[in-house]
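[1] Sequence and predicted structure, then a few things I'm wondering about:
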Amino acid sequence: MAEYVKVALDAMGGDNAPVEIIKGGVAAINENNKVKVFFVGQEEVIKEELAKYTYNAEQAEIVNATEIIETAEPPVMAIRKKKDSSIVKAMTMVREGVCDAYVSAGSTGATLVGGQVIVGRLKGIERPALAPLIPTETGVSLLIDCGANVDAKPSHLVQYAKIGSVYMENIMGIKNPRVGIVNNGAEEEKGNALVKETFPLLKNCPEINFVGSVEARDIPKGVVDVIVCEAFEGNVVLKLYEGVGATLIKKVKAGMMTNLRSKLGALLVKPALKETLKSFDLEQYGGAPMLGLNGLVVKTHGSSKAVEVKNSIMQCVTFSEQNINEKIEDIISLSDK
């Protein structure tokens, strides 16, 4: 029997669960014969959805979970009380080595808490970080951290820079990725206390290619490959990025429909515009990995459709094949010697 990369998929999490989640899981199975998806959730509901599709049954398994952690629930309490929830069961499968990775569009808070409490941290990691890929003018950049630790220390940011560099080099194929710290100016003396204390540590870190500060306006230009920040700043950057992108697309579409001339022009530019906008579609990059854990945890958008779910599972395959966790442990251990 083939050796699969095993992914525990929270079939009940997200605005479009279970329909789009299961559809994405099946799409991953049909696209890659190296992956096995464990659909975790209410068994009868999952069976009913899976019956709609054709797929290799050997690459799919249903794991019954009777409870669902809702987005509005306090995450710590939910993780403690709902032991038979799809999130807790799926993460437990990663902790016990049954699965290599976990994917969910469900509660972000429960995923972050469960990642640390259930899956656990890699040796030497102080705080795991949530790290999505964001589109830029030149390709993509990794934003780390964007949600896991709002009160980070300088040592945490240094670890984020190292972890992010490993990810970008091995997953995205960028040799010697450029690392920058989010700041309110390019000068070394700029920034708050955290940035001022972290800057010289990054500057003197031999394991990374640190290029200095990066201002928010330069992030979309792709001037760095790894964008280092604490979670509050990172979340603001990410949400503003998504909001401005969606608003611009909406305004462009509206402008093209104003009169006959603009409609004719829209018809001519539609193919090129569609291709350009595709590169700024966050769905194609999959979810945000939580880096620094004993197994891979991937959080997709709450409104994820099948495409993003599928791409998140594909990300898990690459992560496993490239032995990312071993490489993260190696780079972290260098600083301990």
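    It's in.

[2] rest of the way, CA atoms for contacts and neighbours
    Noted.

[3] how about low-confidence regions in this structure?
    1-2, 281-283, 335-337 (pLDDT under 70).

[4] would you list every one of the helices in it?
    19-31, 43-50, 75-81, 86-95, 108-114, 154-170, 193-203, 231-256, 260-278, 306-321, 324-334 (DSSP state H).

[5] In CSV: these, plus distance to Val223.
    Formatted as CSV, those follow (distance: least, Cα to Cα, whole Å):
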stretch, distance to Val223
helix 19-31, 33
helix 43-50, 44
helix 75-81, 36
helix 86-95, 36
helix 108-114, 29
helix 154-170, 14
helix 193-203, 17
helix 231-256, 15
helix 260-278, 19
helix 306-321, 24
helix 324-334, 24
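
[6] Just name the most buried of the ones you listed.
    helix 86-95 (a mean of 26; mean count of other Cα atoms under 10 Å).

[7] tell me the domain boundaries of the chain?
    Dividing the chain into domains by automatic domain parsing, as the record does, gives the ranges 1-125+292-323, 129-284.

[8] Output those in JSON lines; the columns should cover distance to Leu334.
    As requested, those are exported to JSON lines (distance: least, Cα to Cα, whole Å):
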{"stretch": "domain 1-125+292-323", "distance to Leu334": "10"}
{"stretch": "domain 129-284", "distance to Leu334": "9"}
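
[9] quick one: which of those is nearest Ile331?
    Evaluated over the domains of the chain, closeness to Ile331 peaks at domain 129-284, with 6.9 Å, by Cα to Cα.

[10] Endpoint to endpoint, the closest one covers what distance?
    Taking Cα to Cα, to the nearest Å, domain 129-284 runs 21 Å from one end to the other.

[11] State the number of residues packed around the closest residue to Asn209 other than its chain neighbours.
    Using Cα to Cα, 6 or more residues apart in numbering and skipping residues adjacent in sequence, the residue nearest Asn209 is Arg178, 5.2 Å away. Counted with other Cα atoms under 10 Å, the neighbours of Arg178 add up to 21.

[12] isn't Arg178 right next to Val228, touching?
    No - here Arg178 does not reach Val228: they are 10.7 Å apart, not a contact under Cα atoms under 8 Å.

[13] Look up how far Ser85 lies from Lys162.
    34 Å.

[14] sorry, that was for Phe39
    Counting by Cα to Cα - Phe39 and Ser85 are separated by 13 Å.

[15] Between the two, which is the more surrounded one?
    Each of Phe39 and Ser85 has its neighbours counted (other Cα under 10 Å); Phe39 has more, 29 against 23.

[16] what pairs with that one across the strands?
    Leu9, Ile62 (DSSP bridges).

[17] That one: what's it in contact with?
    Taking Cα atoms under 8 Å, 6 or more residues apart in numbering, we find Phe39 in contact with Ala8, Leu9, Asp10, Ala11, Ile22, Gly25, Ile46, Ala60, Glu61, Ile62, Val63.

[18] Name the member of these with the most neighbours.
    If you rank those by neighbour count (other Cα under 10 Å), Ala11 sits at the top with 35 neighbours.

[19] In contact with that one, which residues?
    Contacts of Ala11 by Cα under 8 Å, 6+ apart are Ala17, Pro18, Ile21, Ile22, Phe39, Val40, Gly41, Ile46, Ser86, Ser104.

[20] Over to Lys190?
    So Lys190 contacts Asn183, Asn184, Lys196 (Cα under 8 Å, 6+ apart).

[21] Please name the residues that touch the second one.
    Taking Cα under 8 Å, 6+ apart as the criterion, Asn184 is in contact with Lys190, Gly191, Val214, Glu215, Ala216.

[22] where's Val40 relative to Pro289, distance?
    Counting by Cα to Cα, the gap from Val40 to Pro289 is 19 Å.

[23] The spatially most central residue of the chain and Leu201, how far apart?
    The chain has Ala288 as the residue nearest its centroid, 0.7 Å off, counting by Cα atoms, centre = their mean. Counting by Cα to Cα, the separation of Ala288 from Leu201 is 26 Å.

[24] and what of Thr276?
    Taking Cα to Cα, one finds Thr276 at 38 Å from Leu201.

[25] what does Ile134 give?
    Counting by Cα to Cα, the gap from Ile134 to Leu201 is 25 Å.

[26] same check, this time on Thr136
    27 Å.

[27] about what we covered before: now, which of the contacts of Ala11 sits nearest Glu169?
    Relative to Glu169, and with distances defined as Cα to Cα, the nearest of the contacts of Ala11 is Ser104, at 24.9 Å.

[28] Tell me how many other residues surround the closest one.
    Neighbours of Ser104 (other Cα under 10 Å): 29.

[29] so what's it bridging to?
    Lys299.

[30] thought it was touching Asp10?
    Yes - assessed by Cα under 8 Å, Ser104 is found in contact with Asp10 at 5.0 Å.

[31] Please identify every residue contacting each of those two.
    Joint contacts of Ser104 and Asp10 (Cα under 8 Å, 6+ apart) are Ile87.

[32] residues touching the closest residue to Leu201 other than its chain neighbours, list them.
    Once flanking residues are discounted, Leu201 sits nearest to Val158: 7.1 Å by Cα to Cα, 6+ apart. By Cα under 8 Å, 6+ apart, Val158 lies in contact with Thr198, Leu201, Leu202.
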